[in-house]
Each structure stands twice: as C-alpha cells, then as structure tokens.
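S.K.: below are the sequence and a predicted model for it; my questions follow.
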Amino acid sequence: MKTPSSLEELIAALRCLPGGGPKSAQRVAYHLLQRDPGGAARLAAALTGTLARVRRCEKCNNYTEEPVCSLCSSPRRDPAQLCVVEAPGDLLMMEQAQCYQGLYFVLMGVLSPLDGIGPKEVHLDRLIERAADGVVREVVLATNFTVEGEATAHYIGEALRARGLKVTRIARGLPVGGELEHVDSGTLAQAVLERREA
C-alpha cells in the first residue's frame, strides 16, 4: 500500500526536529492523525502564526514580535554590560539564574569553518557594531565550553579588545552541590586553575 503523498510530506517535514529520524517522524505523524487531530491543527496554526509574526530583535538578535524586544527596551537593564550567548535557550538560562542585569546579544550559532559557518553567519558584524556603540563598557562572553564555543569566544574577544572594550569570560568549574569524585578531570583542572581567594 502506498502512503498518501501529503502524509509522506508531513513525515518528511517532521524529520527536521531534533532526534527526528524516519521512524520517530512517522510515529509522530500517525499519532497526530489518529489520536490528536485537534492538537495537529493547533500545531499547524501555531507554526504558521509564529513564522508570520516572530522576527529578530534589531538590537540583540533574539526572537521577538516587536522591532526591539522587551529586554532591550527595559529601563531596568544595565546598558553598559553586554552578554554574548550562542542561542535563545542560553539567554533564558542566564535570565533564570537571575545573576546578570545587563543586555544580551544572541549569535544564533558558533563559528564552525568545517560546517561553513563563519563570522557573517553568526552576525559578528552586528555584534561588533552594538558593542562599540559608546555605551557598552564590558562584554561578557558566555558561549559554551565546546571547541567551537571557545574558538568563537576567542575570535570575538580579540575583535572587541582591539576596539578598546573590556572583555570577560564566564568561569568554568564545579557545579553547585557537585562532589569531586563525580566530576570529570577537565572540569576539576579548570576549577583549580580558576580558583580565587576564600
């Protein structure tokens, strides 16, 4: 029996989701059609609406429905600090931690020459323009501690220091509540190197 072409198209579209292999995409498609057609309709409407209304903030590059997002337009934020993160999820984690009151710039990726992702693809020109606006005094690099994240932080740091800006990097180390015997050696070594006076 041949699968209807519209169903094949749905299955192919669902494969774009993280972890969406052919079997899981097929399972989701059949679930939506069999068990939750109302949910499928809501999902379709939500995707259509989101694609029509959501854009990038003119200042921080995060997702918003307005030209400038609520964080960038908030008078409670410190405009002298600019935190650079890789993705919107990283910004959300920083906000949930309630440890930072400055503004943000979301790269939407990291430098990865092997994948064809260079400075243009992660909007470094916009970041440098934003950081060199005369208001920003410190740029906090909060990219992930992966090879690509470290390379991106180094590249950005060099570019911004050349413009006379103070550039800092979030620290690495032991998690709160972590036990030494359960931490990998790289994390422990970094925690020792970045130790501070007690």
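M.R.: That came in fine, so what should we check first?

S.K.: okay, strands next: where are they in this protein?
M.R.: Per DSSP state E, the chain carries strands over the ranges 55-56, 63-64, 78-85, 102-106, 138-141, 166-169.

S.K.: and these, which is most packed in?
M.R.: Most buried of the strands of the chain, by mean neighbour count (mean count of other Cβ atoms under 10 Å): strand 102-106, with a mean of 23. C-beta: built from backbone N, CA, C; applies to glycine.

S.K.: what does that one rub up against?
M.R.: 59-62, 71-72, 77-88, 90-91, 94, 126-127, 130-131, 138, 140 (Cβ atoms under 8 Å, 6 or more residues apart in numbering).

S.K.: strands paired with that strand, and their directions?
M.R.: Taking DSSP bridges as the criterion, strand 102-106 sits next to strand 78-85 (parallel) in its sheet.

S.K.: mean confidence score for the partner strand?
M.R.: Mean pLDDT, computed over strand 78-85, is 97.

S.K.: do you know how far the residue nearest to Ala25 when sequence neighbours are not counted is from Gly177?
M.R.: Leaving aside its chain neighbours, Ala25 sits nearest to Leu14 (3.8 Å; criterion: Cβ to Cβ, 6 or more residues apart in numbering). To Gly177, Leu14 is 38 Å away according to Cβ to Cβ, to the nearest Å.

S.K.: out of the two, which sits in the more crowded spot?
M.R.: Between Leu14 and Gly177, counting by other Cβ atoms under 10 Å, Leu14 is the more crowded of the two (18 against 5).

S.K.: quick check: that one touching Pro22?
M.R.: No: counting by Cβ atoms under 8 Å, Pro22 is not a contact partner of Leu14; they are 9.5 Å apart.

S.K.: distance of the spatially most central residue of the chain from Asn61?
M.R.: For the chain, Ala87 is the residue whose C-alpha lies nearest the centre (Cα atoms, centre = their mean; 0.7 Å). To Asn61, Ala87 is 11 Å away according to Cβ to Cβ.

S.K.: then Ala41?
M.R.: Distance from Ala41 to Asn61, by Cβ to Cβ: 32 Å.
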